[in-house]
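Chemist: Sequence first, then the predicted structure, then my questions.
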Amino acid sequence: MSEHKPHRVEELLIDAEIDDLPAAPAAPLRPWLLLLGLVLVALNLRPALSSLAPLLNQVRQDTGLSAAAAGLLTTLPVLCLGLFAPLAPRLAARLGAERTVLAILLLLAAGIVLRSLFPPSGLFLGSLLAGASIGIIGVLLPGIVKRDFPHIAGVMTGVYTMALCLGAALAAGATVPLSEHFGQRWQPALACWALPAVLAAVAWLPQTRQGRHAHRQAFEVKGLWRDALAWQVTLYMGLQSSLAYVVFGWLPSILIDRGLSPAEAGLVLSGSVLVQLFSALAAPWLATRGRDQRAMLALVLGLTLGGLLGFLYAPLEGIWGWALVLGLGQGGAFSIALALIVLRSPDAHVAAHLSGMAQGVGYTLAALGPFLVGLVHDLTQGWGAVGAIFVAVSLGALAAGLGAGRDRLLTVRSSAIDSAR
């Protein structure tokens, strides 16, 4: 077993751009303004995913989409999270991270509006743009956080995670009331979520005027894609994310078909996501108290599977209890996935490359979950068989997690690229 020093809490923030960081970054001129901008931007990284689910049945009725097509619709933005994440460093190198975030925020707003226009083609094209935008911004924000708040990066990780969960919860709970306000019309209800993205862009605008163009030192990591431990981390990230995006995409539809109203189903999803705030903060801290993370991984995956099966098969009277169980499980599963990237990496540059691998491959794998759920529902005309998907994905995540959770380091190392080559 490899010997290594324990990682500080501050190091649990993954810096997806660490290879491109200036050697001596300038401090932000107004930290409070940067903090406000970061929170507002992070709030917009989940509503495009969670706002559609409570209205999915209504959208299907109005557009004639099959369950499989609806599964593709919920899968598309998740797939884009992985496919477009590699573009983020290239755009940042050309435009600067701050300007890239501003431009992509406006693209996100455009994608959200487009989902409400020209259905069903607009739904798919808008979802593609929204997913691509979220994937790019999601890679850039942690690097900005770590660069400008290096001494409180652990605290900022918590703020960042809470903003993500809060944005998802607000969209899940408020979209149905918005549609009722607009006379049971889903189009303006979905389009409303472009407004927070525009507000975030306005708040972020001052950051684009603080140019930071110091000399950049590049590093390379060889052999990462041949490392078994790297693949275990990646598979765990992807499989646990698959369950999360199934929840975002299909949980309200499951609950509506079981007898809840769309508003009630949206509130249950919103409540479960809010619970994630607590376990997302607590699970990594608890997981790093012991020798490895395997026990905590088994616990959070067990809670996740239990909550999902409870939603499928248990009496509706206990639905809020299952929402609590699911939220505790999924919040912990996601935050530990992020922590594993650092804990298994021998240095920060390897962590950056492993983060790119885990996000790119992991989110692409995660996209299969919502599509399979829609396909199985279409074939069986019910939700009962979906439980088999939940069990299979959970067992796969557990198998990968038991490997990734061992107290070991990747065998690969980073090295500076010779600028003379």
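Modeler: Perfect, I can see it now. Residues are numbered from 1 along each chain as shown.
Chemist: what residue ranges in the chain are flagged as low confidence?
Modeler: 1-29, 146, 150-155, 157-158, 210-219, 348, 416-421 (pLDDT under 70).
Chemist: For it, just list every one of the strands.
Modeler: Assigned by DSSP state E, the chain shows strands spanning 219-221, 414-416.
Chemist: since we're on Ser261, how many residues are nearby?
Modeler: 12 (other CB atoms under 10 Å). Glycine gets a C-beta too; all of them are placed from N, C-alpha and C.
Chemist: cool, and Arg291?
Modeler: When neighbours are counted by other CB under 10 Å, Arg291 registers 9.
Chemist: Spatially nearest residue to it (excluding sequence neighbours)?
Modeler: Asp407 (5.5 Å; CB to CB, 6 or more residues apart in numbering).
Chemist: what about stretch 281-295, distance to the chain center?
Modeler: How far stretch 281-295 lies from its chain's middle: 20 Å, per CA atoms, centre = their mean, to the nearest Å.
Chemist: ugh, typo on my part, it should be stretch 100-116
Modeler: Distance of stretch 100-116 from its chain centroid, counting by CA atoms, centre = their mean, is 17 Å.
Chemist: returning to what we had before: measure the residue nearest to Arg291 to Tyr236 for me?
Modeler: Asp407 sits 15 Å away from Tyr236, going by CB to CB, to the nearest Å.
Chemist: Leu308 too?
Modeler: According to CB to CB, Leu308 and Tyr236 sit 17 Å apart.
Chemist: again, but for Leu108
Modeler: Taking CB to CB, one finds Leu108 at 28 Å from Tyr236.
Chemist: measure the nearest residue to Ala367 once chain neighbours are set aside to Ser242 for me?
Modeler: Of all residues not flanking Ala367 in the chain, Leu79 sits nearest, at 3.7 Å (CB to CB, 6+ apart). Distance of Leu79 to Ser242, given as CB to CB: 11 Å.
Chemist: Compare those two (neighbour count), which wins?
Modeler: The residue with more neighbours, out of Leu79 and Ser242, is Ser242; 29 against 24, by other CB under 10 Å.
Chemist: Near Ser133, how many other residues are there?
Modeler: Ser133 has 29 nearby residues by other CB under 10 Å.
Chemist: what's the answer for Leu55, then?
Modeler: 24.
Chemist: Now for it: which residues touch it?
Modeler: By CB atoms under 8 Å, 6 or more residues apart in numbering, the contact list for Leu55 reads Thr175, Val176, Ser179, Trp186, Ala189, Leu190, Pro262.
Chemist: The first one reaches Gln187, doesn't it?
Modeler: If I follow you right, that is Thr175. No: using CB atoms under 8 Å, Thr175 is not in contact with Gln187; the gap is 11.6 Å.
Chemist: quick one, which of those two is more surrounded?
Modeler: More neighbours surround Thr175 than the other of Thr175 and Gln187, with 27 against 19 (other CB under 10 Å).
Chemist: For Gly183, see how far away the nearest residue to the more buried one once chain neighbours are set aside is.
Modeler: Once flanking residues are discounted, Thr175 sits nearest to Ser51: 4.5 Å by CB to CB, 6+ apart. Noted for Ser51: a distance of 18 Å to Gly183, by CB to CB.
Chemist: ok, these two, which is more surrounded?
Modeler: More crowded of Ser51 and Gly183, by other CB under 10 Å: Ser51, with 30 against 7.
Chemist: Can you pull the phi/psi pair for the more buried one?
Modeler: phi -80, psi -30 (degrees, to the nearest 10).
Chemist: what sits against it?
Modeler: By CB under 8 Å, 6+ apart, the contact set of Ser51 is Ala171, Ala172, Thr175, Ala189, Leu190, Trp193.
Chemist: at 10 Å what do you get?
Modeler: Each residue near Ser51 by CB atoms under 10 Å, 6 or more residues apart in numbering is listed here: 112, 115, 130, 167-168, 170-176, 178, 186, 189-193, 248, 266.
Chemist: Just the buried subset of these, please.
Modeler: 112, 115, 130, 167-168, 170-176, 178, 186, 189-193, 248, 266 (16 or more other CB atoms under 10 Å).
Chemist: I'd like to know how many residues surround the closest residue to Leu308 other than its chain neighbours.
Modeler: Computed as CB to CB, 6+ apart, the closest residue to Leu308 that is not its neighbour in sequence is Phe390, at 4.6 Å. Phe390: 22 surrounding residues under other CB under 10 Å.
Chemist: Okay, Phe390 and Leu365: tell me how far apart.
Modeler: The value you get for Phe390 to Leu365, if CB to CB is used, is 16 Å.
Chemist: now Leu166
Modeler: Taking CB to CB, one finds Leu166 at 26 Å from Leu365.
Chemist: cool, and Arg258?
Modeler: With CB to CB as the criterion, Arg258 and Leu365 are 28 Å apart.
Chemist: The two: which is more packed in?
Modeler: It is Leu365, of Arg258 and Leu365, that has more neighbours when counted by other CB under 10 Å, with 21 against 15.
Chemist: ok, now which ones touch that one?
Modeler: Val78, Leu79, Gly82, Thr234, Leu235, Met237, Gly238, Leu239, Ser241, Ser242, Val393, Gly396.
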